[in-house]
Structure formats: structure tokens, C-alpha cells
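Asks: Everything below, folded, please.
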Amino acid sequence: MAPRIYDCSVDTELMAGMRLARAAIGRGALVVIPTDTVYGIAADAFNAEAVQRLLDAKGRERTSPPPVLIPGIPTLDALAAEVPQAVRDLVAAFWPGGLTVILHAQASLSWDLGETRGTVALRMPRNPVALELLSETGPLAVSSANRTGEPAALDARGAEDMLGDSADVYLDGGKAGADYDDVGERPGDSSSTIVDATDLGEPGGRLRIVRSGVVSREAIRSIVGELLADEAE
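Replies: Residues are numbered from 1 along each chain as shown. Alright, predicted model coming up:
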């Protein structure tokens, strides 16, 4: 059966779409969900076959592992081996929202997201549909809902045009990215900002921005100060 787009602004479609999305995640299938930045294609983070389906749907290699969306701070502490104070300050300021943080993953986690070198990229999105689904499914491996090299989808129809029946369910939460101004460094792009915090536990370690996005360098520096590495470093 062809995938269907469920309009989450309609109560009956929201209930049906969420039920089917939960079921799809549970059987290792993929779903497309709205976030506050872009639409994402999601899989059970602890199902290696589902994560591989996600990578295949996007045309990505295992060298580009997907980030993991989480429902809140307790899950951050459960998945990360250590959360430096600077990261706690950042997530207090920008979560839920458009900041993704790379940390060392708990060594005991039984998952396979690809070639992560022991790290995990975590974000708590600011979207009620995404957060409701995450609260019921647990952590989801989520990457932007597009084929690699194409612009990220900002609505459910655009995601379906690129991904088709790769996903079993599409949840339509309206236009993504509407809550953010233009990135500035990349106008018109509503992707999350990605920061690498894996060196913060080392002497002299710095936080590095590895992808500019909706949270500006200036906003990050206002929280962590001199711990933010310069662009040239």
C-alpha cells in the first residue's frame, strides 16, 4: 500500500497518523516527521536494519551516520557518556530547538548508527508532533527528509516527492523552519547548527561548530565564551 500523508492539524488524522507511525517504527520501517528546522526521515535508533534503510533511502554511506532525536534532557544523560557543563548550558539555552550536539556515546549502547567512532549527535526538536512521537518510541535516528545532495524538505509533500514509498507514514505538521530567521551564513537554510563537544573533556579542549545553522555562532559564544573555537582552528 502506498504511504499516506496525515494532516496533524486534524485530530482524527493526527491520532491515526501517530498510531501508524508508532507501529511502523516498531516493525523497523521508516516514517517522515516534522521538526522545527526541516522534515526528517526517522527510524528506531536501536534497530540496525532500520537505520540502514534510512541511509539507503537517502543514498548515504555508513560514513555519514544520522543524528538522534530525543524527547528531553534525561535521554541526553542516558545516551551520552559525559555531558560537560558547557553543553548543559547550551541545551538549557537552545533546547528544544535547532542545536545538535556531538558527544561521546555511552559504550554500553547496543546500536549501530554507522561509522560514528564512538560518538552520537543529539538534538531535542521544538515540534509538538515530533516530541509526542519521541515520547512514545524513544530515541529516533533522524536525518533530513531528502535524497543526499538535494535541498532538505520543508513540508510533507516535498519529502514525499523525494522519498516516495521509502517511508511508510508521512506526518504533516505544516511548514518547517517557520520559527527561525534566515541563518545568515547560509540564507534560507533552516538546518540545525551542529557543534562538536567531544574535546571538551580534554585539557584545553574547545567546542567546534561543524555545521552552521539556525543557531548563530554569536549566540553560542554568548553561552560558552572562550570555549568556542575560532573558525580558523
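Asks: contacts and neighbour counts: CA atoms only from here.
Replies: Will do.
Asks: what's the closest non-adjacent residue to P34?
Replies: Closest residue in space to P34, ignoring its immediate chain neighbours: G173 at 5.5 Å, by C-alpha to C-alpha, 6 or more residues apart in numbering.
Asks: Hmm, that neighbour is touching V129, no?
Replies: Yes. Between G173 and V129 there is a contact under C-alpha atoms under 8 Å: 7.0 Å.
Asks: Could you pull up the contacting residues of the residue nearest to P34?
Replies: Applying C-alpha atoms under 8 Å, 6 or more residues apart in numbering, we find G173 in contact with 7-9, 33-34, 129, 155-156.
Asks: ok, now with 7 Å
Replies: Counting by C-alpha atoms under 7 Å, 6 or more residues apart in numbering, G173 touches 7-9, 34, 129.
Asks: Mind checking which of these are in helices?
Replies: Among the contacts of G173, the members found in helices (DSSP state H) are V129.
Asks: Could you identify the most distant pair in the contacts of G173?
Replies: S9 and P34 (12.2 Å; C-alpha to C-alpha).
Asks: Name the residue in these two with the higher neighbour count.
Replies: Using other C-alpha atoms under 10 Å as the criterion, S9 and P34 rank with P34 on top: 31 against 12.
Asks: Measure how buried D165 is and give me the count.
Replies: D165 sits with 17 neighbouring residues when counted by other C-alpha under 10 Å.
Asks: Inside strands: which ones of the contacts of G173?
Replies: In strands, defined here by DSSP state E, the members of the contacts of G173 are D7.
Asks: Make JSON lines out of the contacts of G173 and add distance to R88.
Replies: Listed next are the contacts of G173 as JSON lines, based on distance: C-alpha to C-alpha, whole Å:
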{"residue": "D7", "distance to R88": "35"}
{"residue": "C8", "distance to R88": "32"}
{"residue": "S9", "distance to R88": "33"}
{"residue": "P34", "distance to R88": "25"}
{"residue": "V129", "distance to R88": "24"}
